[in-house]
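1. only geometry, no sequence info:
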């Protein structure tokens, strides 16, 4: 009788722990950031989870973050290839505007985000 | 009781494993080289400061080749390709050994591609460069005249004295078809020599994968849909190789709604029309770069025959109907 009880307790414990593991994994959001570079240097970092529209480089490009995706809304370059490239949301994805030397990229590098905030 | 303790122990370990996510990749980029964007990614074990040092060294290599191979500008204290072009039909020019090595490599590329990739097409290509800059039509008569001055034999290399001469005054060198791939190989040499084995380079679409990911896994790369560059048409898993794509959907100009892209077919003297995109996968980046240009200007059968002749090359073609063709040895997925 005692053995059976212990086994039931073990099973319950396992289930509770698995459930909590699952909850933690889904709730915990992996921090992603949008790194904006002008001519190779980081000039701004935005949180991918915060919607917003930002003017880059005195208006050469307009960055839009919406629904955990980043894209360029407008650009002053002649061919608008950067705008045509659509949205990015995965780490190492990036969009480049060659004539304006602007690049936006997704990263999970929290340090650079914190540095830029200050 | 012991069982419960064991389970809790396993749980805590799993929780720690799940929570601690180390940053996967270091990234650096530049707009300064070869009129395009260059990316350097490290998936290795080194600290960020070590990565930043590597990036500095890699940028030095890129700058050296950018200046040596420049046909539009000259730089103080050095002779480069522009110097050689300016002295065509005149005299031998002494140059850095790295430039000699490159030109010798280009002659090898000419042989191995049966003359399809020819760096002496400068006389034709310069007419197109001019037209693209001014957004105007080309003069077909000028092109038909220029093609007479594209013989590879005009390029005289003296490897002992490190001197180069173009023997025909109207001939000139244009290395656009090979230079990014060659530069990638030189950077790879530096990284291998210093035991870095988990890097990815991307020089304007010329991708070189050095080694594989830390856990031995492959990287996933993709080819854009020529009709909609916001989506991927083909994704492929690769490691320890080069992947170069030539396409007509980024560098082009338009006159009266007609598009003129930048890859000129030496047989028609006009931008080639066979495909929207050609991707070459093989180890040598310089060869991949050269072949992507060459196969872009050949029909499917000709291109297939050439790469079979060379061996060790995989290809993905996307034609004008957005249909995808590819060789047998690739791990890829096509998206409709």
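-> Alright, I've got the coordinates. Quick caveat: nothing in here was measured; it's all calculated off a predicted structure.
2. what about whichever residue of the stretch 51-200 of chain B sits closest to chain A, which SS state?
-> Nearest to chain A, among the residues of the stretch 51-200 of chain B, is residue B:200, at 8.8 Å (CB to the nearest CB). Using the backbone N, CA and C atoms, a C-beta is placed for each residue, glycine as well. Residue B:200 falls in the strand class when you classify it by DSSP: H, G, I helix; E, B strand; the rest coil.
3. can you tell me the closest non-neighbouring residue to it?
-> residue B:41 (4.4 Å; CB to CB, 6 or more residues apart in numbering or on different chains).
4. who does the helix or strand hosting the one you found pair up with?
-> Secondary-structure assignment from DSSP states H and E places residue B:41 in strand B:38-42. Sheet pairing of strand B:38-42 (DSSP bridges) gives strand B:26-30 (antiparallel), strand B:198-203 (antiparallel).
5. what pLDDT does residue B:79 get?
-> Turning to residue B:79, the model gives it a pLDDT of 97.
6. quick check, it in contact with residue B:94.
-> Yes - contact status for residue B:79 versus residue B:94: in contact at 6.5 Å, counting by CB atoms under 8 Å.
7. who has more neighbours out of the two?
-> Each of residue B:79 and residue B:94 had its neighbours counted (other CB atoms under 10 Å in any protein chain shown), and the higher figure belongs to residue B:79 (20 against 13).
8. would you map the strands across chain A?
-> Taking DSSP state E, the strands of chain A run over residues A:33-38, A:41-47, A:52-56, A:61-66, A:69-75, A:87-88, A:94-97, A:102-107.
9. related to what we said a few turns ago, run a quick neighbour tally on the residue nearest to residue B:200.
-> 21.
10. list the contacts of it.
-> The contact partners of residue B:41, by CB atoms under 8 Å, 6 or more residues apart in numbering or on different chains, come to A:92, B:25-27, B:199-202.
11. biggest separation within those residues, which pair?
-> Pairwise distances across the contacts of residue B:41 peak at 14.0 Å for B:26 and B:202 (criterion: CB to CB).
12. how near is the closest residue to residue A:46 other than its chain neighbours to chain B?
-> Distances taken as CB to CB, 6+ apart put residue A:34 closest to residue A:46, at 4.5 Å, once the chain neighbours are dropped. Using CB to the nearest CB, to the nearest Å, one obtains 13 Å as the distance from residue A:34 to chain B.
13. hang on, residue A:34 packs against residue A:43?
-> No - no contact is recorded between residue A:34 and residue A:43 when judged using CB under 8 Å, the distance being 11.7 Å.
14. what count of nearby residues applies to the residue nearest to residue A:46?
-> Using other CB under 10 Å: residue A:34 sits among 26 other residues.
15. quick one: contacts for residue B:190?
-> With contacts taken as CB under 8 Å, 6+ apart, residue B:190 has the following neighbours: B:57-58, B:61.
16. and it, how far from residue B:101?
-> Separation of residue B:190 from residue B:101 (CB to CB, to the nearest Å): 15 Å.
17. show me which residues of chain A are close to chain B?
-> Contact residues (CB under 8 Å from any CB of the partner chain) of chain A with chain B: A:6, A:9-10, A:13-14, A:17, A:21, A:24-25, A:28, A:30, A:37, A:39-40, A:79, A:81, A:84-87, A:91-92, A:94, A:96, A:98, A:101, A:103, A:105, A:107-109.
18. and for the residue of the stretch 51-200 of chain B closest to chain A, the neighbour number?
-> Applying other CB under 10 Å, we find 22 other residues in the vicinity of residue B:200.
19. any idea what it is bridged to?
-> In this structure, residue B:200 has beta-bridge partners residue B:41, residue B:209, where bridges are defined by DSSP bridges.
20. these two touch, right, it and residue B:206?
-> No - the pair residue B:200 and residue B:206 does not pass the contact test of CB under 8 Å, sitting 11.5 Å apart.
21. before we move on, the earlier item: got CSV for the contacts of residue B:41, with pLDDT and distance to residue B:304 too?
-> Shown next, in CSV, are the contacts of residue B:41 (pLDDT from 0 to 100; distance: CB to CB, whole Å):
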residue, pLDDT, distance to residue B:304
A:92, 81, 32
B:25, 86, 36
B:26, 89, 39
B:27, 89, 36
B:199, 96, 32
B:200, 96, 28
B:201, 96, 28
B:202, 95, 27
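22. closest one of those to residue B:135?
-> If you rank the contacts of residue B:41 by distance to residue B:135 using CB to CB, residue B:202 comes first, at 28.8 Å.
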